[in-house]
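[1] Kindly return the folded structure for what I paste below:
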Amino acid sequence: MQPHGETIVLDEDVAPAHRPAIPAAGRLGSAVARAHLAALSAHHAVQERVLRELEAAAASGPAAASGPAGASGPAAGRPILDEADLLEFAIGKAANVFGPRFAPVDELPGRTRLPAPPFLFASRVTRLEGTTGEFGPAAITVEYDIPHDAWFAVDGDVSIGLATEAGQSCMLLAAYLGVDLDRPAERFFRLLGGDAVFHGPRPRTGQTLRYDTEIESFTALGDNLVFAFRTTCHAGDQPVFALHGARAGFFTREALDAAGGSSAHPPTADAPRP
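    Take a look at the predicted model:
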């Protein structure tokens, strides 16, 4: 999403009028190649860090298999789930995080996961309210520490789009409630929509974003499961983003294939509608 009124400025000096077009294109191609190489190097560094963390976690054993089963808030100032737990849930086994009840989920051909780095925007869970196996009102608070050297930042400025990643907390909460336990068919997460409000200023590197998400209700539609939720995002005490009247859900492949989606060529007023 892009805030209303934001303007994207393109560099008009890429191909000055007094220079031949072909050399300018060559210089642009070289710049793109260098940028691509830098991005690949950064991605490789992230993967190396993830592997080191996984090796360390494997050496010490599962750290929080019974963590969420305790209370709805952190004990003695410790998070309910830490960064290692969230990484394990993203690319490891759900049972190592939520307990042995989730062992069958890890045998499924696909399950609800958080995105793997470098798109994992969650550092810890400090609140987790709800009961596994019960699809009713539930809540979660997820915090994300924006790195000082974040790959997605420019001069310390972070896109407002990062605030919309509250969808990650929704997926984690739904997974904890048991969306993949005894499911009737393989299902896929989709965000359906909601009313978004953006506040300023934008987040900055070094800040901690806090996502407070509340699921209000669930509705079963055949083998599909839809839920209503709302979420807010703060950077410290500063509001950044809010989403109200939101809907998301888990849908079968058949339901997704049957959906028409958005047409690249909207019908005219005189054209017959399906």
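
[2] pLDDT below threshold where in the stretch 151-274 of the chain?
    Using pLDDT under 70 as the threshold, the predicted model of the stretch 151-274 of the chain has low-confidence ranges 262-264, 266-274.

[3] which SS class is Leu128?
    Following DSSP: H, G, I helix; E, B strand; the rest coil, Leu128 is assigned to strand.

[4] And for Ala84?
    Secondary structure, three-state DSSP: Ala84 is helix.

[5] What distance do you get for it to Gly92?
    Distance, Ala84 to Gly92, by Cβ to Cβ, to the nearest Å: 10 Å. (C-beta placed from N, C-alpha, C; glycine too.)

[6] same check, this time on Gly136
    28 Å.

[7] what number of residues lie near Leu209?
    24 (other Cβ atoms under 10 Å).

[8] mind listing what it touches?
    When contacts are counted by Cβ atoms under 8 Å, 6 or more residues apart in numbering, Leu209 touches Phe121, Glu143, Tyr144, Ile146, Leu162, Ala163, Pro203, Cys233, His234, Ala235, Val240.

[9] buried set for the helix or strand containing it?
    Mapping Leu209 onto the secondary structure by DSSP states H and E places it in strand 208-221. Residues of strand 208-221 classed as buried by neighbour count (16 or more other Cβ atoms under 10 Å): Leu209, Arg210, Tyr211, Asp212, Thr213, Glu214, Ile215, Phe218.

[10] For those, name the two members farthest from one another.
    Across those, the two members that end up farthest from each other (Cβ to Cβ) are Leu209 and Phe218, 26.3 Å apart.

[11] returning to that earlier point: whichever of the contacts of Leu209 end up buried, select them in ChimeraX.
    To isolate the buried subset of the contacts of Leu209 in ChimeraX, counting by 16+ other Cβ under 10 Å, use the following:
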select :121,143,144,146,162,163,203,233,234,235,240
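
[12] Tabulate the contacts of Leu209 (JSON lines), appending secondary structure and distance to Arg113.
    As requested, those are exported to JSON lines (DSSP: H, G, I helix; E, B strand; the rest coil; distance: Cβ to Cβ, whole Å):
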{"residue": "Phe121", "secondary structure": "coil", "distance to Arg113": "14"}
{"residue": "Glu143", "secondary structure": "strand", "distance to Arg113": "19"}
{"residue": "Tyr144", "secondary structure": "strand", "distance to Arg113": "17"}
{"residue": "Ile146", "secondary structure": "coil", "distance to Arg113": "22"}
{"residue": "Leu162", "secondary structure": "helix", "distance to Arg113": "19"}
{"residue": "Ala163", "secondary structure": "helix", "distance to Arg113": "21"}
{"residue": "Pro203", "secondary structure": "coil", "distance to Arg113": "24"}
{"residue": "Cys233", "secondary structure": "strand", "distance to Arg113": "21"}
{"residue": "His234", "secondary structure": "strand", "distance to Arg113": "25"}
{"residue": "Ala235", "secondary structure": "strand", "distance to Arg113": "26"}
{"residue": "Val240", "secondary structure": "strand", "distance to Arg113": "25"}
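
[13] and the contacts of Leu209, which two are the farthest apart?
    Maximum pairwise distance in those, criterion Cβ to Cβ, is 14.4 Å, between Phe121 and His234.

[14] Show me the beta-bridge partners of the residue nearest to Gly194 when sequence neighbours are not counted.
    On the basis of Cβ to Cβ, 6 or more residues apart in numbering, the spatially nearest residue to Gly194 that is not a chain neighbour turns out to be Ala246, at 3.0 Å. Per DSSP bridges, residues listed as beta-bridge partners of Ala246: Phe229.
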